[in-house]
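Engineer: with the input below, show me the fold.
(one chain, ligands or ions: 1)
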Amino acid sequence: MYSSKQSDALHIMTYTLNSGIKGTVPLSNQQIEEWLESYRTNTRFITSIGKEFFGLNPELVADFKVQNQFSDYQRVLVPNQPEEAVDHLSSAYKQNEILIKVDCKCGTAYTTDSPFMRTKWYCTKCKEIVFLDPKKGKVETSRGEAFYMTNKYFVERGPIE
Ligand SMILES: [Zn+2]
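Structural biologist: So this is what the prediction gives:
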């Protein structure tokens, strides 16, 4: 679904003609104002919708209804996600997060995270590959304990790879 500015948002107007025929037309806030004015003054409403023109004679309209952003119809389209669920999701993600300390021979050292365990990573600065040193174990970083990955020395690959 695309998002648009509040003022540009289209609202669905449903109208019923005296003959019983129902119709719907998408209108902007500005067009709704114009329609209401036409209805009040009993003058024909003519507007352009996209590349088409739309005309409605208020004399032939028995009743009409405009669904705006406060109506149930809109609420179904844009359900509010409870904040509790979002918090739960992000903490569940954090639990599975794996911290990696990259120590590159180019002099770059940083801590990053990965959603799953890796034996290879790369330096974001020089794009050189760094390898997990299973013998080194975890190292302390400002964000917590992280797996150490480097290319400063030859790392004996574990049986994982
Ligand atoms: Zn590097």
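Engineer: how about residue 110: what's its closest non-neighbour residue?
Structural biologist: residue 102 (5.5 Å; Cβ to Cβ, 6 or more residues apart in numbering). All C-beta atoms are positioned from the backbone trio N, CA, C, and that covers glycine.
Engineer: against residue 116, how distant is residue 123?
Structural biologist: 19 Å (Cβ to Cβ, to the nearest Å).
Engineer: who has more neighbours, those two?
Structural biologist: More neighbours surround residue 123 than the other of residue 123 and residue 116, with 21 against 7 (other Cβ atoms under 10 Å).
Engineer: I'd guessed the more buried one sits against residue 112; true?
Structural biologist: No. Counting by Cβ atoms under 8 Å, residue 123 stays clear of residue 112, with 10.3 Å between them.
Engineer: and for those two, which residues touch both?
Structural biologist: residue 102 (Cβ atoms under 8 Å, 6 or more residues apart in numbering).
Engineer: what does the chain have sitting close to the ion?
Structural biologist: By Cβ under 5 Å from the ion, the residues of the chain that approach the ion are 104, 106, 108, 123, 125-126, 128.
Engineer: list the helices and strands the helix or strand hosting residue 11 packs on?
Structural biologist: Using DSSP states H and E, residue 11 sits within strand 10-17. The helices and strands touching strand 10-17, judged by 3 or more Cβ pairs under 8 Å, 6 or more residues apart in numbering; DSSP states H and E, are strand 22-28, helix 29-41, strand 61-67.
Engineer: what's the neighbour count on residue 146?
Structural biologist: 19.
Engineer: can you check residue 119 too?
Structural biologist: 15.
Engineer: kindly report the same for residue 150.
Structural biologist: 20.
Engineer: quick check: the gap between the nearest residue to it once chain neighbours are set aside and residue 136.
Structural biologist: With Cβ to Cβ, 6+ apart as the criterion, residue 150 has its nearest non-adjacent residue at 4.3 Å, and that residue is residue 103. Distance, residue 103 to residue 136, by Cβ to Cβ: 10 Å.
Engineer: shared neighbours, the two?
Structural biologist: Common neighbours of residue 103 and residue 136 (Cβ under 8 Å, 6+ apart) are residue 148.
Engineer: more neighbours: which of the two?
Structural biologist: Using other Cβ under 10 Å, the more surrounded residue of residue 103 and residue 136 is residue 103, with 18 against 14.
Engineer: got the contact list for that one?
Structural biologist: Neighbours of residue 103 in contact, by Cβ under 8 Å, 6+ apart: 109, 130, 148-150, 152.
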